[in-house]
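**Q** sequence unknown, structure follows:
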């Protein structure tokens, strides 16, 4: 039962920009904010990760701000908040190690060599740069762009950029592994 709910929460979270766009002028933004907070609480329960509790609290604050301001702008800023939270998590792991990417890598390769640890540190820093850039672009579209452009960036282009980043990093990692393997066979 937990897995289908988590899948539903993931799909609904990814569809968030479309739901906001469809809701403009049709729904009270408070209801969308409450739905978003419920999704974040559902994700927190499934993942048992405090980050999702913070996201739920942020969603409630954005909903309150939306209601008080009588504007959809706070809800349009939710993608900015997500980038900020992810940036905080990834950046904190650079200082308090192991990095987020190292922890993920060790799931597959528990005896990660020092070169791998150094690489995961660079990848974590690269994700931090990505979150800064994505958050800035999300903020710019929320503050200064049309609703359609906001939807295009936050509902499609940002996801394509994330996918491109994943693929590029995977290709780079394969090259690095081949180079390390070639160096080990010659040494």
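**A** Looks like it came in fine. Here the structure is a predicted model, which means the values were calculated and not measured.

**Q** okay, and for this structure, where does confidence drop off?
**A** 1-2, 47-49, 187 (pLDDT under 70).

**Q** If we use 90, what do you get?
**A** 1-72, 74-75, 78, 81-82, 85, 173-174, 176-187 (pLDDT under 90).

**Q** Which element is encountered next along the chain beyond the helix ranked longest in the chain?
**A** Of all the elements of type helix in the chain, the one with the most residues (DSSP state H) is helix 114-144. Under the assignment DSSP states H and E, the closest C-terminal helix or strand after helix 114-144 is helix 147-152.

**Q** can I assume residue 16 is in contact with residue 35?
**A** No. Counting by C-beta atoms under 8 Å, residue 16 sits too far from residue 35 to count as a contact (9.4 Å). Any C-beta I mention is one placed from the backbone N, CA and C, and that applies to glycine too.

**Q** In terms of neighbours, single out the busier of the two.
**A** Between residue 16 and residue 35, counting by other C-beta atoms under 10 Å, residue 16 is the more crowded of the two (20 against 17).

**Q** Now for the residue lying closest to residue 73 once chain neighbours are set aside, how many residues are close by?
**A** Spatial nearest neighbour of residue 73, chain neighbours left out: residue 142 (6.4 Å); criterion: C-beta to C-beta, 6 or more residues apart in numbering. By other C-beta under 10 Å, 21 other residues sit near residue 142.

**Q** let's number from 5 now, not from 1
**A** Sure, I'll start numbering at 5, so the last one becomes residue 146.
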